[in-house]
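Trainee: Everything below, folded, please.
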Amino acid sequence: MAKKVATKKTDTPQAEPQQEMLQTLDVDIAIEKRLVALYTLQCVDTEIDKLKIIRGELPQAIQDLEDEIEGLNTRVENLTAACKEIEKSMVARKHEIAEHQEAIAIYKKQQENVRNSREYESLNKEIEFKELEIQICEKNNREGSAKISEQQQHISAAKELLAIRENDLQAKRDELEDIIKDTQKDEERLMQKSAEQAQYIEERYLSAYKRIRSAARNGLAVVMVERDACGGCFAKIPPQRRTEIRMHKKVIVCEHCGRILVDSDIAEKAHEQLAK
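Mentor: Sure thing, here's the model as predicted:
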């Protein structure tokens, strides 16, 4: 009796398609996670922006006051330095006057011993010249005194304004500090969440997110499709494009404003992520 020979069945090529399907599924899941992380990051950053809006224009007002105070201090320093220079010139001219007076006294004494009228007239001209020099020095000193008086008035006015601006600056700093104290815990918590979400996003997508966000006036880089339109620029999105957005197979941006687009499913998962 002939023995039946057991034939070994060959494997059908079904494993490879299944593996490819699993790989595709993994890619889709990875992209979906990236989209959720991007939208979650956007939600967190929007909340941080709201906290900064509470501070209003205080930071800019404080910066403006600091710049004005610095300018006033510089003005006071320059005016004070100018007054000192004028005072130095006045002291030097007083020394000149004393020297001229001494010379006049010598010339007058010499006139007593002259031998002819020519020598007398020569000395007399020297005396007149020295007296003219004294008059010029005295005139310049009077003008210097008037200039110092004027500069001191400007210094007093600048110091008064400086005191007012310093009080305004301290008041605004105190106001900002109170606001920061009220919002500090929330801001720290949100900043931590922002950092947590950023680590799940590839660098190129994170860089693109930051670039889009900095260019947008409202700070929105990732928006949800609402009423078949972009949630950022409100431009209508074609049906085929909306279908691709719902499939979560790739990161899609608005053709008009460049913002990253997500559907309501991604937004819902992002809100669930935030609620944890």
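Trainee: Mark out where each domain of the chain begins and ends.
Mentor: Following automatic domain parsing, the chain resolves into domains at 24-54+202-276, 56-183.
Trainee: Now do the first one: distance to the chain's middle.
Mentor: Okay, so that is domain 24-54+202-276. Relative to its chain's centre, domain 24-54+202-276 lies at 28 Å (CA atoms, centre = their mean, to the nearest Å).
Trainee: likewise the longest one?
Mentor: The chain centroid and the centroid of domain 56-183 are separated by 37 Å, computed with CA atoms, centre = their mean.
Trainee: looking at the protein, which helix or strand does the model trust least?
Mentor: helix 15-54 (a mean of 71; mean pLDDT, DSSP states H and E).
Trainee: re earlier: which one of the domains of the chain lies nearest to Leu190?
Mentor: For the domains of the chain, proximity to Leu190 was assessed by CB to CB; domain 24-54+202-276 is nearest, at 5.0 Å. C-betas here are computed from N, CA, C, even on glycine.
Trainee: secondary structure class for Gly56?
Mentor: Three-state call for Gly56 (DSSP: H, G, I helix; E, B strand; the rest coil): coil.
Trainee: Where do the helices of the stretch 1-150 of the chain begin and end?
Mentor: 15-54, 58-111, 117-198 (DSSP state H, counting those that start in this stretch).
Trainee: Lowest average pLDDT across the ones you listed?
Mentor: Sorting those by mean pLDDT places helix 15-54 lowest, at a mean of 71.
Trainee: Within its local environment, how many residues does the closest residue to Gln152 other than its chain neighbours see?
Mentor: With sequence-adjacent residues excluded and distances taken as CB to CB, 6 or more residues apart in numbering, Gln152 is closest to Cys83, at 6.8 Å. Neighbourhood size, Cys83 [other CB atoms under 10 Å]: 19.
Trainee: repeat for the one 10 residues further on
Mentor: Residues contacting Arg93 under the criterion other CB under 10 Å number 19.
Trainee: hang on, the earlier thing: if I read this right, the residue nearest to Gln152 contacts Ile148, doesn't it?
Mentor: Yes: in terms of CB atoms under 8 Å, Cys83 counts as a neighbour of Ile148; the distance is 5.2 Å.
Trainee: one step back: between the domains of the chain, which one is closest to Gln192.
Mentor: domain 24-54+202-276 (9.3 Å).
Trainee: Might you report the residue contacts of Ala37?
Mentor: By CB atoms under 8 Å, 6 or more residues apart in numbering, the contact set of Ala37 is Gln197, Tyr200, Ile201.
Trainee: and which of these is nearest Gln153?
Mentor: Gln197 (60.2 Å).
Trainee: what's near enough to touch Leu162?
Mentor: Residues counted as contacts of Leu162 (CB under 8 Å, 6+ apart) are Ile69, Leu72, Asn73, Val76.
Trainee: rerun at 6 Å
Mentor: Taking CB atoms under 6 Å, 6 or more residues apart in numbering as the criterion, Leu162 is in contact with Leu72.
Trainee: Distance check, it against Gln110.
Mentor: With distances taken as CB to CB, to the nearest Å, Leu162 is found 58 Å from Gln110.
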